[in-house]
Structures are given as C-alpha cells and as structure tokens.
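Peer 1: generate coordinates for the sequence data below:
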Amino acid sequence: MNSNSYRDEIVRLEAQIEELAGRIENCRKFILAGQIAVMTGGAVLGAMLLGILRSDPTIMGLAVTAVLGGIVVAGSNRSTVKEASHDLTATEAKRTELIGQLELQTVSERDGLQRHRGT
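Peer 2: As a prediction, this is how the structure comes out:
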C-alpha cells in the first residue's frame, strides 16, 4: 500500500468513526428516554396503588405501556451501544495501525521558516 492509499483508508476510517460515535450518542438518548418512560410509568402505577391518583383503566394502561415500552427501548439500544462501541474500538485500532505505518517526517519549526524565507 502506498502513502496515498493509507491516507485514503484513514480518511474512510475517520468517517466511519464519526458515524459510529453519532450512533452511540443517539442510542444513549433513546436509553435515557426509555429510563424516563419506565420511571414515569412506574410512578403513575405507584401513585394509583397508594390512592394518590384515582384508578382509571386508561391511565393504568398507558402507565403499563410506558413501563414496558421503556424497558424495550432501553434494552434494545443498550445492545446497539455495545455493538457500536466494539466496532468503534476496532475501527480506531485499524486507524492507529495505519497511521503507524505511514512514514511521517518531523519538520522542525526552524527548518520550515528557513525554507519559506529562501523561496
């Protein structure tokens, strides 16, 4: 692989890393929403059991739906976060390996300034 191929692959991997990081962030938002739904539904059910709220089948059904839906949303997004995190780690490792294979040269600031003055 030549230097340009390495650079192209690194650019592709960096785009993939950004996409995976975005996916993880979105999943975390859904996990939070699911947890909020579970807590809210549970609080409503608890309030009904304690007599703080009147027992209404519609409200009870919505509360149960919120609890179950929140569990499903949070659970499915947790597994997606695990998978995406694994992919992110592997992609970052590939990128690091490719960067290590590049033949990078250190240019001191002084050398760079002297070149610009001479041209």
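Peer 1: contacting residues for the residue nearest to residue 42 when sequence neighbours are not counted?
Peer 2: Closest residue in space to residue 42, ignoring its immediate chain neighbours: residue 67 at 5.8 Å, by C-beta to C-beta, 6 or more residues apart in numbering. All C-beta spots, glycine's among them, are computed from the backbone N, C-alpha and C. The neighbours of residue 67, taking C-beta atoms under 8 Å, 6 or more residues apart in numbering as the test, are 37-38, 41-42, 45.
Peer 1: report the buried residues of stretch 87-98.
Peer 2: Buried residues in stretch 87-98, counted by 16 or more other C-beta atoms under 10 Å: 87-88, 91, 94-95, 98.
Peer 1: not counting sequence-adjacent ones, nearest residue to the spatially most central residue of the chain?
Peer 2: Geometric centre of the chain, nearest residue: residue 24, 1.5 Å, by C-alpha atoms, centre = their mean. Closest residue in space to residue 24, ignoring its immediate chain neighbours: residue 84 at 5.0 Å, by C-beta to C-beta, 6+ apart.
Peer 1: what about residue 64, which helix or strand?
Peer 2: Assigned by DSSP states H and E, residue 64 belongs to helix 57-101.
Peer 1: what number of residues lie near residue 70?
Peer 2: 21 (other C-beta atoms under 10 Å).
Peer 1: per-residue pLDDT, it?
Peer 2: On the pLDDT scale, residue 70 is placed at 97.
Peer 1: pretty sure it is touching residue 35, no?
Peer 2: Yes: counting by C-beta atoms under 8 Å, residue 70 does reach residue 35; the two are 6.6 Å apart.
Peer 1: related to what we said a few turns ago, my read: the residue nearest to residue 24 touches residue 22, true?
Peer 2: No: the criterion here is C-beta under 8 Å, and residue 84 misses it with residue 22 at 9.4 Å.
Peer 1: with neighbour numbers in mind, choose between these two.
Peer 2: Set residue 84 next to residue 22 and count neighbours by other C-beta under 10 Å: residue 84 wins out with 20 against 11.
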